[in-house]
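Peer 1: Predicted model and sequence below, questions to follow.
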Amino acid sequence: MKRIAIIGGGISGLSAAFYLQKARAAGADLEYTLFESGQRLGGSMYSDHVEGCLVEAGPDSFLTEKPWALSLCKELGIADQLIGSNDAQRKTYIVVNGRLVVMPDGLMFMVPTQLVATALSPLFSWSTKLRMARELLHPPRPMQSDETVAQLVERHFGAEVVDRLADPLLSGVYGGDAAKLSARAVLPRFVEMEEKYGSLSRAMLAAHKKMMATRKHPPAPLFTSLQDGMQQMVDAIAARLDPESIRRRTHILRVYPEDSSWRVAVEMNGEERFDAVLIATPANVAGTLLDGVDRGLARNLLDITYSSSITVTLGYYKQQLAGLPPGFGFLVPRSEGTHMLACTFVHNKFPHRAPEDKGILRCFLGGARDEAVLGLSDDEILETVHRELRDILKLDARPIFSRVYRWRGAMAQYEPGHIARVQRIEKHVAGIPGLALAGNAYHGIGVPDCIRSGMEAANALAQAPVASLSPQSR
Ligand SMILES: Cc1cc2nc3c(=O)[nH]c(=O)nc-3n(C[C@H](O)[C@H](O)[C@H](O)COP(=O)(O)OP(=O)(O)OC[C@H]3O[C@@H](n4cnc5c(N)ncnc54)[C@H](O)[C@@H]3O)c2cc1C
C-alpha cells in the first residue's frame with residue numbers, strides 16, 4: 001500500500017486529495033493523509049453568509065474558459081449548482097481624477113480592438129489614442145528578454161495604458177504590480193501575439209474574427225461561480241474524502257527522506273512515515289519544509305515572492321445604492337493615490353448573491369505596493385473604505401453590515417525569470433523520488449490552475465510504482 005502525505009488543505013491540496021481518492025476508488029493501492037494547519041479547509045477559498053447575503057472572502061468565481069474547475073464540479077456532482085456572471089451588465093469603470101470613466105467597448109483585457117469607441121473614450125488622452133492607432137503597424141518581434149508587463153504594454157500603447165489599464169487589471173488578478181510581473185509568465189498570449197503579428201490589436205482582432213466564424217453557441221459567461229459560493233466546491237470535495245484521512249489543526253514543520261521512506265514532522269506530535277509527499281502550501285512554506293532535503297530547490301522556492309491583500313464586503317439596502325452606475329464595478333489606478341484597488345458591485349455581477357432588497361460592494365486593498373495597509377485595524381480599514389467610496393461613488397450611506405478579510409502572503413507574484421525558476425524547481429523535484437508540488441506559485445494563480453496543479457501532482461504520485469518513490473531510488 002502506497003502512503004501519500006498531502007500538506008496544505010487549500011483548493012490545490014484538496015483537489016490532490018480528491019484525485020487520489022478517485023484513483024483509489026478505481027483500484028489504486030494507496031492511502032493518503034491531508035495535513036492542514038488551520039481549523040478550516042479551503043485556504044483562501046471561503047464563503048460566509050451574512051444578513052441573507054453570500055459573502056466571498058477570497059475568490060468569488062473562476063474564469064470559465066479554463067476547464068479544470070468546471071470538470072471538477074462535474075465530477076463532484078455539483079454541475080447543476082454552477083452559475084455564470086451576469087455579462088449583460090458587464091461594464092467596468094476606471095477611476096480617473098476621482099471620477100468613474102467607463103472602459104470603452106472593444107477593449108479586450110487591455111488591448112483596444114474598436115478604434116471608434118476608443119477614439120471617443122475620455123479614458124485616454126489624444127496622444128495615447130494616436131499611439132494606439134500607430135500600434136496597428138507594429139512589426140512582429142520575438143521577445144528578447146523576460147520583460148515586465150509594464151514594459152511590454154508601454155512599448156505598444158504608452159505609459160498611460162500601463163497606469164490606467166494594465167496596472168489596475170493586474171492588481172485585481174494578482175494583487176501585483178505591472179512593473180514587477182513577467183509578461184511571459186502572466187500574459188503568455190500577448191507574447192505569442194507579438195511574435196506572430198507584431199500589433200496586439202491586430203492579433204486580438206484576428207483571434208476575435210476566428211472565434212466568431214467558428215462559434216456555434218452564444219458565448220459562455222466570462223466568470224463562473226457556484227450557487228452557494230466557492231465554498232460549495234470545498235465542501236463537496238471534503239464530503240467525498242475519507243474523514244479519517246483529513247487532519248486539521250496539524251502544522252507540518254519539515255519533511256525529509258530517511259531510509260526508504262519520507263518523514264513528515266508534525267508540530268508537537270513527532271514524525272510520521274509516508275512513501276510520498278505532495279506539498280500544496282505556498283512556495284515559501286514548501287521551501288522551508290524542504291530546506292534539509294535540497295538547498296537549491298529550497299532557495300528557488302523561497303525566491304518566489306507573495307503579495308497580501310484585504311477584501312472588504314459591505315452590505316446595503318438597495319435604495320442606499322440607487323446612485324450607483326450600472327456594471328460590475330471599478331478599478332482604481334495607483335496614480336489616484338487611494339488604498340482601494342478595485343470595487344465589485346456584487347449584486348450586479350452575481351445577482352444571486354443578495355436578496356432583492358439588498359446590494360453588496362466588495363472592495364480590494366493591499367497588493368504588492370501597499371502591504372502597509374495590512375497593519376491598519378479593521379476599524380481603520382472600514383473608515384478608509386467608507387471615505388474612498390464617498391469620494392468615488394458619492395456614497396455616504398453606512399452599510400448594514402461589513403466584513404474585513406485579510407489574506408497575508410496569499411498571491412504568488414510571477415516576476416521576470418519566473419518560468420526559468422519553475423523549470424529549475426521542476427528539475428530538482430524530478431530528481432527527488434516521491435516528491436510532488438502543487439499550488440498557485442507555479443503555472444497559474446487562479447482556482448482552475450490550482451485544481452489542475454493538484455490533479456497533476458496527485459496523478460503523478462498515484463501512477464508511480466512504490467519502488468520508484470523510495471528516496472533510496474535516487
Ligand atoms: C482575496 C483573493 C481573491 C482571489 N480571487 C480569485 C478569483 O476571483 N478567481 C480565481 O480564480 N482566483 C482567485 N484568487 C486566487 C486563488 O483563490 C488562489 O490562488 C487559490 O485559492 C490558492 O489555493 P492553494 O490551495 O494553492 O493555496 P492556499 O489557499 O493558500 O492554501 C494553502 C493551505 O496550506 C496550509 N498550510 C500552509 N502551511 C502549512 C503547513 N506548514 N502545514 C500544514 N498546512 C499548511 C494553509 O493553512 C492553507 O490552508 C484569489 C485569491 C485571493 C487571496
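Peer 2: Thanks, I have the structure now. Residues are numbered from 1 along each chain as shown.

Peer 1: Check which helix or strand the residue in the stretch 51-200 of the chain that the ligand sits nearest to maps to.
Peer 2: Relative to the ligand, the nearest point of the stretch 51-200 of the chain is residue 59 (3.1 Å; Cβ to the nearest ligand atom). (C-beta placed from N, C-alpha, C; glycine too.) Assigned by DSSP states H and E, residue 59 belongs to no helix or strand.

Peer 1: The nearest residue to residue 42 once chain neighbours are set aside: how many residues sit nearby?
Peer 2: Leaving aside its sequence neighbours, residue 42 sits nearest to residue 234 (Cβ to Cβ, 6 or more residues apart in numbering; 3.8 Å). Residue 234: 22 surrounding residues under other Cβ atoms under 10 Å.

Peer 1: for residue 234, what are its contacts?
Peer 2: 11, 14, 41-42, 45-46 (Cβ atoms under 8 Å, 6 or more residues apart in numbering).

Peer 1: Kindly recompute the last result at 10 Å.
Peer 2: 9-11, 14, 40-43, 45-47, 226 (Cβ atoms under 10 Å, 6 or more residues apart in numbering).

Peer 1: residues making contact with the helix or strand of the chain with the lowest mean pLDDT?
Peer 2: In the chain, no helix or strand scores lower on mean pLDDT, DSSP states H and E than helix 466-469, which sits at a mean of 74. Residues outside helix 466-469 that contact it (Cβ under 10 Å, 6+ apart): 1-4, 29-30, 257, 260-262, 274-277, 433-436, 461, 473.

Peer 1: Quick check: residue 21 touching residue 245?
Peer 2: Yes. Contact criterion Cβ atoms under 10 Å: residue 21 and residue 245 qualify, at 8.0 Å.

Peer 1: Looking at these two, which is more packed in?
Peer 2: residue 21 (20 against 16).

Peer 1: Now the more buried one: closest residue in space, sequence neighbours ignored.
Peer 2: residue 241 (5.7 Å).

Peer 1: now swap in residue 29 and tell me
Peer 2: residue 1 (5.4 Å).

Peer 1: ditto for residue 422
Peer 2: Counting by Cβ to Cβ, 6+ apart, residue 422 lies nearest to residue 442, which is 5.1 Å off, once chain neighbours are set aside.

Peer 1: helix, strand or coil for that neighbour?
Peer 2: Under the three-state scheme (DSSP: H, G, I helix; E, B strand; the rest coil), residue 442 adopts coil.

Peer 1: For it, grab the count of nearby residues.
Peer 2: Neighbours of residue 442 using other Cβ under 10 Å come to 25.

Peer 1: Double-check it against residue 418; I have them as touching.
Peer 2: Yes. At 8.9 Å, residue 442 counts as touching residue 418 under the criterion of Cβ under 10 Å.

Peer 1: Which residues are in contact with each of these two?
Peer 2: Between them, residue 442 and residue 418 share the contacting residues 185, 304, 412, judged by Cβ under 10 Å, 6+ apart.

Peer 1: quick revisit: what distance do you get for the residue nearest to residue 42 to the ligand?
Peer 2: Going from residue 234 to the ligand by Cβ to the nearest ligand atom, to the nearest Å gives 10 Å.
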